[in-house]
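In: All I have is the shape, not the residue letters:
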């Protein structure tokens, strides 16, 4: 088989890992990765080792779904103990860096009183030297600004933390990505290579363009046992859908969650790609349904369900560029997506509000994004306005309608949208669920619960539609698809507040003759 033409099988998946935890922006970007490792992941593993049975029981309790519990059998606790020892030994520099950030913040709080900050530089922990700038805002509040490009060149950013697991999608829900590390398994191919490794590009390009096992073995630097395992993931024919391209007009396909594929005969645009590999399910579009070449991927924001390395790494070899929103440059809670993705081998275009990116036969305009980030100073978030095949499409992601007049500015600048896609997870997780490791001052539960990862409720979604003037509105699924459980860990019933709010919004649309729907799994629009 080593010299025969082969293709990667449809159900092959990748799990990108950082010190065995599933990769997402706050475990890849070095400053935030250090904080999460020191103040969340390592304490989580140590808590598991104290009471493995408690963690496992909590992991399978539906009422605690999405909690920070390690779902690893007690029989494998020794492997977790070895992982903890390896982290403490091999990531000592990162752990010290995280502790230095917390100490540096405390120095600022105690000493930065509006006077010259120069004397504070020598007082900062040595680990921060050359990687931060101290500055006041115009209210005399001091902050540390991280020089992110420099940090990527320092020992804080360590690609040896990265590895990948290759396996088949089984249809069985995987453990929650924010809490459970991935240990080795006999049915999983372990590759100790960084995410930017060109061999991964070659492997996933083989979904579309045939190659040979010999070429993949060389590209991925496999030994005999690994090559034999990879051979089982290959087929003598591709499994691509015949209707993955179109010959005329325009098409939008909903692939689930916040993922749209917008197509004309000349171009293809994908938003927030989070795509199933299980083509046998029959109830969703999958990787098999993607066009062979993707001009642009649009990323709306940096949450783990919108910038999904599991999918992005599979698209790298057939992708023109990723469009990402510009960050605030050095803010602790706002890492640069552009820097992070460029360091993983992607071609990246960074945009600010109303910046334009052209593609064959159309144009993307970045538009503002409000809310959904627990009131943190996170600026790397964008909605998008797509113009293709005579249609104007507003891609709203999880942006909130807390200030409806914003959307009036969008309409005044870009015109009336034909179709609007909105997010209505209107009772999201609290501040500490996603950002706990970055908070150097404890917050109360009451404070955390008041600041949530929430999109629009019915009233806010209606306000967006009123200002945009669109005649069609579609609400994304909110992690309701069963194949997203390992990332979303959400559970809804017909009586859940979010579902009731969507129903209220759809009624509002119906009363105004606005075509509307609550998306789920797959849908298609043609014109």
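Out: Nice, thanks for sending it over. Since we're looking at a predicted model, the values are computed, not measured.
In: Would you tell me which helix is longest in this structure?
Out: For the chain, the longest helix by residue count, based on DSSP state H, is helix 92-111.
In: Can you mark which positions in that helix are buried?
Out: For helix 92-111, a neighbour-count test (16 or more other C-beta atoms under 10 Å) marks 94-101, 103-105, 107-108 as buried. From N, CA and C alone the C-beta is placed, and that goes for glycine too.
In: and whichever helix or strand comes after that helix, which residues are buried?
Out: Downstream of helix 92-111, the next assigned helix or strand under DSSP states H and E is strand 132-136. Buried residues in strand 132-136, counted by 16+ other C-beta under 10 Å: 132, 134.
In: Tell me the strands beside strand 132-136, with direction?
Out: strand 142-146 (antiparallel) (DSSP bridges).
In: And for the next helix or strand after the strand it pairs with, what's in contact with it?
Out: Going down the chain from strand 142-146, the next helix or strand is helix 148-152, by DSSP H and E. The contact list for helix 148-152 (C-beta atoms under 8 Å, 6 or more residues apart in numbering) reads 29-31, 130-131, 157, 329-330, 335-336, 339, 343.
In: one more time with 10 Å, if that's ok
Out: 29-31, 34, 97, 130-132, 156-157, 327, 329-331, 334-336, 338-340, 342-343 (C-beta atoms under 10 Å, 6 or more residues apart in numbering).
In: Report the distance from it to the chain centre.
Out: Distance of helix 148-152 from its chain centroid, counting by C-alpha atoms, centre = their mean, to the nearest Å, is 21 Å.
In: in the protein, which helix or strand is least confident?
Out: Within the chain, confidence by mean pLDDT, DSSP states H and E is lowest for helix 485-488 among all helices and strands, at a mean of 94.
In: Point out where the stretch 251-400 of the chain drops to low pLDDT.
Out: For the stretch 251-400 of the chain, no stretch has pLDDT under 70.
In: ok, which stretches of it are helices?
Out: For the stretch 251-400 of the chain, applying DSSP state H, counting those that start in this stretch gives helices covering 309-315, 337-342.
In: same question, the stretch 401-527 of the chain
Out: With DSSP H, counting those that start in this stretch as the criterion, the stretch 401-527 of the chain has helices at 405-414, 431-435, 445-450, 458-468, 485-488, 497-511.
In: who touches the third one?
Out: Okay, so that is helix 445-450. With contact meaning C-beta under 10 Å, 6+ apart, helix 445-450 is reached by 374-375, 429-433, 435-436, 439, 442-444.
In: What residues sit buried inside it?
Out: residue 448.
In: neighbours of residue 10, just the number please.
Out: 20 (other C-beta atoms under 10 Å).
In: so it makes contact with residue 275?
Out: No. The criterion here is C-beta atoms under 10 Å, and residue 10 misses it with residue 275 at 11.7 Å.
In: shared neighbours of the two, which are they?
Out: 286-288.
In: ok so, going back, same list, the helices of the stretch 401-527 of the chain, but as TSV with distance to residue 140 please.
Out: Below are the helices of the stretch 401-527 of the chain laid out as TSV (distance: least, C-beta to C-beta, whole Å):
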stretch	distance to residue 140
helix 405-414	29
helix 431-435	25
helix 445-450	23
helix 458-468	34
helix 485-488	41
helix 497-511	40
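In: okay, the ones you listed, which one's buried deepest?
Out: helix 458-468 (a mean of 22; mean count of other C-beta atoms under 10 Å).
In: rewinding a little: hmm, which of the contacts of helix 148-152 are the buried ones?
Out: For the contacts of helix 148-152, buried by 16+ other C-beta under 10 Å: 29-31, 34, 97, 131-132, 156-157, 327, 330-331, 334-336, 338-340, 342-343.
In: nearest residue to the residue nearest the centre of the chain other than its sequence neighbours?
Out: Nearest to the geometric centre of the chain sits residue 307, at 2.3 Å (C-alpha atoms, centre = their mean). Spatial nearest neighbour of residue 307, chain neighbours left out: residue 299 (5.3 Å); criterion: C-beta to C-beta, 6 or more residues apart in numbering.
In: Could you check how many residues crowd around that neighbour?
Out: 27.
In: Distance of it relative to residue 33?
Out: According to C-beta to C-beta, to the nearest Å, residue 299 and residue 33 sit 18 Å apart.
In: now swap in residue 378 and tell me
Out: Per C-beta to C-beta, residue 378 is found 17 Å from residue 33.
In: more crowded one of those two?
Out: Legend: neighbour count by other C-beta under 10 Å for residue 378 and residue 33, higher for residue 33 (30 against 21).
In: Now the element after the helix or strand hosting the more buried one, going C-ward?
Out: Counting by DSSP H and E, the element that carries residue 33 is helix 30-36. Proceeding N to C from helix 30-36, the next assigned helix or strand is helix 42-50, under DSSP H and E.
In: quick one: that following helix to helix 92-111, angle?
Out: With axes from the mean of the first three to the mean of the last three C-alpha atoms, to 10 degrees defining the directions, helix 42-50 sits at 120 degrees from helix 92-111.
In: so what does the next helix or strand after helix 42-50 touch, helix or strand wise?
Out: Per DSSP H and E, the first helix or strand lying C-terminal to helix 42-50 is helix 52-59. Helices and strands touching helix 52-59, by 3 or more C-beta pairs under 10 Å, 6 or more residues apart in numbering; DSSP states H and E, are helix 42-50, helix 77-90.
In: if you compare those, which one is most tucked away?
Out: helix 42-50 (a mean of 17).
In: Mind giving me the packing neighbours of it?
Out: Counting by 3+ C-beta pairs under 10 Å, 6+ apart, helix 42-50 packs on helix 52-59, helix 77-90.
In: could I get those helices as a markdown table with mean pLDDT?
Out: Below are the helices and strands packed on helix 42-50 laid out as a markdown table (pLDDT from 0 to 100):
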| stretch | mean pLDDT |
| --- | --- |
| helix 52-59 | 97 |
| helix 77-90 | 98 |
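In: Residue 221: which of those is closest?
Out: Closest approach to residue 221 among the helices and strands packed on helix 42-50 is made by helix 77-90 (21.1 Å; C-beta to C-beta).
In: tilt between that closest one and helix 42-50?
Out: The directions of helix 77-90 and helix 42-50 differ by 150 degrees, with the same axes, to 10 degrees as the criterion.
In: quick one: helix 77-90 to helix 52-59, angle?
Out: Going by the same axes, to 10 degrees, helix 77-90 makes 100 degrees with helix 52-59.
In: same for helix 77-90, what does it pack against?
Out: helix 42-50, helix 52-59, helix 92-111.
In: and the shortest one, which residues are buried?
Out: This means helix 52-59. By 16+ other C-beta under 10 Å, the buried positions in helix 52-59 come out as 52, 55-56, 58-59.
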